[in-house]
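Chemist: Need coordinates for the following:
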Amino acid sequence: MGKEKSVRIGRQALLLAMLDEGEEGAILDELRASNWRYCQGRVGAMEPQKIVAAIETAAKRHEVVDGSLYRDMHALYHAILEAVHGVTRGQVELGDLLRTAGLRFAVVRGTPYEQPKEGEWIAVALYGTIGAPVRGLEHEAVGLGINHI
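Modeler: You can find the predicted model right below:
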């Protein structure tokens with residue numbers, strides 16, 4: 001593999017998901033300077049299909065992915081599922097356990113390697129709180145998925 005650029009796609013996605021509104025200015029400037037595409041959003045459900053739908057809708061709406069291209073959608077789905085596994089500690093069906101969740105997400109698409117032949121990559125980051133169905137007793141959780149396009 002080629003030498004990495006100074007901008008790391010997973011780190012950028014994690015920071016974008018974790019920083020509060022108004023704090024992400026420097027990250028957004030870096031993404032724009034690199035001609036990388038991105039989107040952010042929130043999801044309050046733990047059902048995997050709702051998480052996937054929220055992220056997929058945002059990524060299409062902000063033109064991070066082209067919904068008509070299989071390779072774009074395939075890469076996005078794999079990155080989402082990997083991020084969900086991180087947040088849920090591998091137990092994807094948490095919606096059935098009546099867990100509470102408040103997650104922010106970020107999707108970043110770009111070319112993190114100097115070698116152009118390495119192509120584009122996509123990163124999905126999830127950050128927020130998850131816990132038992134007792135408001136106020138949630139804990140933080142984070143997940144990251146990265147896939148080539």
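Chemist: C-alpha only now, for contacts and for neighbours.
Modeler: OK.
Chemist: Need the single longest helix in the chain, by residues.
Modeler: Longest helix of the chain, by residue count under DSSP state H: helix 70-87.
Chemist: packing partners for the helix or strand following that helix?
Modeler: Next helix or strand after helix 70-87 toward the C-terminus (DSSP states H and E): strand 100-110. Applying 3 or more Cα pairs under 8 Å, 6 or more residues apart in numbering; DSSP states H and E, one finds that strand 100-110 contacts helix 9-18, strand 37-43, helix 48-61, strand 121-131.
Chemist: now do 6 Å
Modeler: Applying 3 or more Cα pairs under 6 Å, 6 or more residues apart in numbering; DSSP states H and E, one finds that strand 100-110 contacts helix 9-18, strand 37-43, strand 121-131.
Chemist: any chance of the ones you listed in a markdown table, with mean pLDDT and distance to Ala58 too?
Modeler: Formatted as a markdown table, those follow (pLDDT from 0 to 100; distance: least, Cα to Cα, whole Å):
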| stretch | mean pLDDT | distance to Ala58 |
| --- | --- | --- |
| helix 9-18 | 96 | 14 |
| strand 37-43 | 96 | 7 |
| strand 121-131 | 92 | 12 |
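Chemist: Show me what the nearest residue to Leu76 once chain neighbours are set aside is bridged to.
Modeler: Setting aside the residues directly before and after it, Leu76 is nearest to Ile122 in space (Cα to Cα, 6 or more residues apart in numbering), at 6.8 Å. When bridges are called by DSSP bridges, Ile122 pairs up with Arg109, Asn147.
Chemist: what's the neighbour count on Ile122?
Modeler: Other residues lying near Ile122 total 29 when counted by other Cα atoms under 10 Å.
Chemist: Find the nearest non-adjacent residue to the residue most central in space within the chain, please.
Modeler: Residue closest to the mean C-alpha point of the chain, counted by Cα atoms, centre = their mean, is Val124 at 2.1 Å. Counting by Cα to Cα, 6+ apart, Val124 lies nearest to Val107, which is 4.6 Å off, once chain neighbours are set aside.
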